[in-house]
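Visitor: Starting from these lines, generate the structure:
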Amino acid sequence: MNYLDVFGSGGQCLKMPQLVSPSETVADLKVGMQSEKNLGMKTASIPVLSFFSGLGLLDLGFHSAGMTPIWHNEVSKDFKTIFEFGMESFGINGPSAKIQNTNSIVNIGPNEILRQAFGKSGTPSVFGIIGGPPCPDFSVGGKNKGSEGERGKLSQTYVRRILELQPTFFVFENVPGLIRTQKHREFLAGLLSQLLTNYKVDAQILNSLEYGVPQDRERLIIVGLKNKWLKKNGHDTRSIKSAESLIEQARQNSTAADKTLHSWFPWDLCRLFPGAKSKFNWPTQIPFGEIPKTPKNIPTELMVWSYIGDKNKLIKLSNAEEGFIPYSKKFHEIAEGDVSRKCFKRLHRWRYSPAAAYGNNEVHLHPAEARRLTVREAMQIQTVPESFQLPSDISLSAKYKTIGNAVPVKLAQAIGYSLRKALKI
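Guide: Residues are numbered from 1 along each chain as shown. Now for the predicted structure:
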């Protein structure tokens, strides 16, 4: 599948993917750079180091924005296998398709990372770091142990590696609980204070739905641009200098609905559907088995049926028949659109999905069939390109988990484009 089919062209940041033959893989990633030219960006590729790589969807989004992940870190053997198989199936080769390091970032230092990433050529003048430390310790639906949890401590380690490696820019992705829960805010303020010593920083809670993803999925995104690099290249370094002020601004902007996100960082560049969750007259519930009326004036890009509704085309894609066998009678009883319970949430075909977080095999129910979503359908809702494949010899649990952990490709691409705009390179 061609990148432009997924990421849009003609100056459009995002475009709903079309279901096409998986044999149409990417021949040349440079084709995707046409979108950048329409956004007034240069096309030189920027090397990126990817931490907590997982399925690699954050990487895919950055590829489309003219950034090339060349080094990856992932501790899970299953996720490593899935990442490398998927990238190769999609036509990405070389370092961008490999996990170079499988140790915990606690056990790898900056010198080892730089040596593996750049070798004898040395550290380039411009490079970035992207990653999302595991987030159950900050999640309302997770363990909520915060900074004291083992995974919560990885957030501090990730910030330490950023400060040691001194990239031109960084992205820190996590759950909104870091801002919305008081005890986690205190920990976040500490992280931001450290980053503010060397970086122009901003933080926002972004809803994937507003960026063209058929999901009500909020993520905390923290970005930073290196102050020394900004000064050297004649950029404005003025920004909020207080961690507490950054957090308060993010909290206020998270309730901005369809308003502009006030910031030095261009968060609105690819925010095509501001306030989408409250702006449209979304359908609610209908008894399972009935056919709901098609609503008017709701963008098709935001409805799950646009991604999983065409069975004849979907079945031709890889991983389309992989899924859990339904046993419970609840599969026949729960109404279409009933997402009120913790388990057995059934999607509505003309509505967005709840966050595709498939922990403990709790995969959402298909709108019109008595079963859970297949692996391919879950990938579709995460806006994964149709020619991106997962290996057959990995457990369903591992596949659903890495899909649910990932940043939707469209949101990742939007962040990448916004960074290029802010860097003006």
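Visitor: in the stretch 101-250 of the chain, which spans are strands?
Guide: Along the stretch 101-250 of the chain, counting by DSSP state E, counting those that start in this stretch, strands occupy 128-131, 169-174, 199-207, 215-216, 218-226.
Visitor: Tell me, how many residues neighbour residue 186?
Guide: Other residues near residue 186 number 14, with proximity taken as other CB atoms under 10 Å. For glycine as for every other residue, the C-beta is placed from the backbone atoms N, C-alpha and C.
Visitor: What separation do you get for it and residue 195?
Guide: According to CB to CB, to the nearest Å, residue 186 and residue 195 sit 16 Å apart.
Visitor: Kindly report the same for residue 220.
Guide: 14 Å.
Visitor: try residue 245
Guide: 14 Å.
Visitor: So which of the two has more stuff around it?
Guide: The neighbour count for residue 245 versus residue 195, taken as other CB under 10 Å, is higher for residue 195 (21 against 12).
Visitor: Could you report the distance from that one to residue 69?
Guide: Distance from residue 195 to residue 69, by CB to CB: 21 Å.
Visitor: swap in residue 288?
Guide: Residue 288 sits 42 Å away from residue 69, going by CB to CB.
Visitor: So between those two, which is more surrounded?
Guide: More crowded of residue 288 and residue 69, by other CB under 10 Å: residue 69, with 25 against 19.
Visitor: Give me the contacts around the one helix or strand that one maps to.
Guide: Residue 69 belongs to strand 67-73 when assigned by DSSP states H and E. For strand 67-73, contacts defined as CB atoms under 8 Å, 6 or more residues apart in numbering pick out 45-53, 56, 59, 62-63, 83, 95-96, 98-103, 105, 108, 113, 116-117, 128, 130-131, 416, 419-420.
Visitor: Show residues contacting the very next helix or strand once past it.
Guide: Using DSSP H and E, the next helix or strand after strand 67-73 towards the C-terminus is helix 77-89. Under the contact criterion CB under 8 Å, 6+ apart, helix 77-89 has outside partners 25, 53-56, 59, 72, 74, 96-99, 102, 318, 387-391, 394-395, 398-399, 402.
Visitor: Skip the chain neighbours and tell me the closest residue to residue 380.
Guide: Nearest-residue entry for residue 380: residue 307, 4.0 Å, with adjacent residues in sequence omitted and distances by CB to CB, 6 or more residues apart in numbering.
Visitor: Correct me if wrong, but the one you found is in a strand.
Guide: No - Residue 307 is assigned helix when assessed by DSSP: H, G, I helix; E, B strand; the rest coil, not a strand.
Visitor: Report how many residues lie close to it.
Guide: Using other CB under 10 Å: residue 307 sits among 25 other residues.
Visitor: Next one, pLDDT for the closest residue to residue 220 other than its chain neighbours please.
Guide: Leaving aside its sequence neighbours, residue 220 sits nearest to residue 174 (CB to CB, 6+ apart; 4.8 Å). Residue 174 is assigned a predicted lDDT (pLDDT) of 95.
Visitor: So residue 174 versus residue 221, what's the distance?
Guide: According to CB to CB, residue 174 and residue 221 sit 8 Å apart.
Visitor: can you pull the contacts of residue 65?
Guide: 36, 413, 416, 417, 419, 420.
Visitor: likewise residue 51?
Guide: Listed by CB under 8 Å, 6+ apart, the contact set of residue 51 reads 73, 105, 129, 130, 131, 133, 158, 161.
Visitor: okay, among those, which ones form the most distant pair?
Guide: 105 and 130 (13.2 Å; CB to CB).
Visitor: circling back to that earlier point, just the buried residues from the contacts of helix 77-89, in ChimeraX please.
Guide: A single ChimeraX command selects the buried members of the contacts of helix 77-89 (16 or more other CB atoms under 10 Å):
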select :25,53,54,55,56,59,72,74,96,97,98,99,318,387,388,389,390,391,394,398,399,402
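Visitor: so of the contacts of helix 77-89, which ones are in strands?
Guide: Under the assignment DSSP state E, the contacts of helix 77-89 contribute residue 72 to strands.
Visitor: Quick check: end-to-end length of stretch 346-359?
Guide: Counting by CA to CA, to the nearest Å, you get 16 Å between the two ends of stretch 346-359.
Visitor: Show me what the mean pLDDT comes to for it.
Guide: The average pLDDT within stretch 346-359 is 94.
Visitor: now residue 131: how far from residue 402?
Guide: For residue 131, the distance to residue 402 (CB to CB) stands at 15 Å.
Visitor: cool, and residue 335?
Guide: 30 Å.
Visitor: now the helices: where do they sit in the stretch 151-300 of the chain?
Guide: Ranges of helices in the stretch 151-300 of the chain, per DSSP state H, counting those that start in this stretch, are 177-180, 182-196, 227-232, 243-253, 276-279.
Visitor: Residue 298 is nearest to which of those helices?
Guide: Using CB to CB, the helices of the stretch 151-300 of the chain put helix 276-279 closest to residue 298, at 8.9 Å.
Visitor: what's next to that closest one, contact-wise?
Guide: Counting by CB under 8 Å, 6+ apart, 207, 209, 210, 216, 257, 258, 273, 299, 302, 352 sit against helix 276-279.
Visitor: got the buried residues for it?
Guide: Within helix 276-279, the residues that count as buried by 16+ other CB under 10 Å are 276, 277.
Visitor: Also stretch 100-118?
Guide: By 16+ other CB under 10 Å, the buried positions in stretch 100-118 come out as 100, 101, 105, 108, 113, 114, 116, 117, 118.
Visitor: that older thread, touching, the residue nearest to residue 380 and residue 214? I think so.
Guide: Yes - counting by CB atoms under 8 Å, residue 307 touches residue 214, with 6.0 Å between them.
Visitor: Identify the contacts common to those two.
Guide: Common neighbours of residue 307 and residue 214 (criterion: CB under 8 Å, 6+ apart): 381, 383.
Visitor: now the residue lying closest to residue 59 once chain neighbours are set aside: how far from residue 405?
Guide: Once flanking residues are discounted, residue 59 sits nearest to residue 69: 4.4 Å by CB to CB, 6+ apart. Separation of residue 69 from residue 405 (CB to CB): 17 Å.
Visitor: do the same with residue 94
Guide: Computed as CB to CB, the residue 94 to residue 405 distance reads 25 Å.
Visitor: Of the two, which one has the most company?
Guide: Under the neighbour definition other CB under 10 Å, residue 94 and residue 405 were set side by side, and residue 405 has more, 21 against 9.
Visitor: how about that one, what does it touch?
Guide: By CB under 8 Å, 6+ apart, the residues touching residue 405 are 54, 55, 134, 357.
Visitor: export those to JSON lines and tack on distance to residue 239?
Guide: Below are these laid out as JSON lines (distance: CB to CB, whole Å):
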{"residue": "54", "distance to residue 239": "30"}
{"residue": "55", "distance to residue 239": "32"}
{"residue": "134", "distance to residue 239": "28"}
{"residue": "357", "distance to residue 239": "32"}
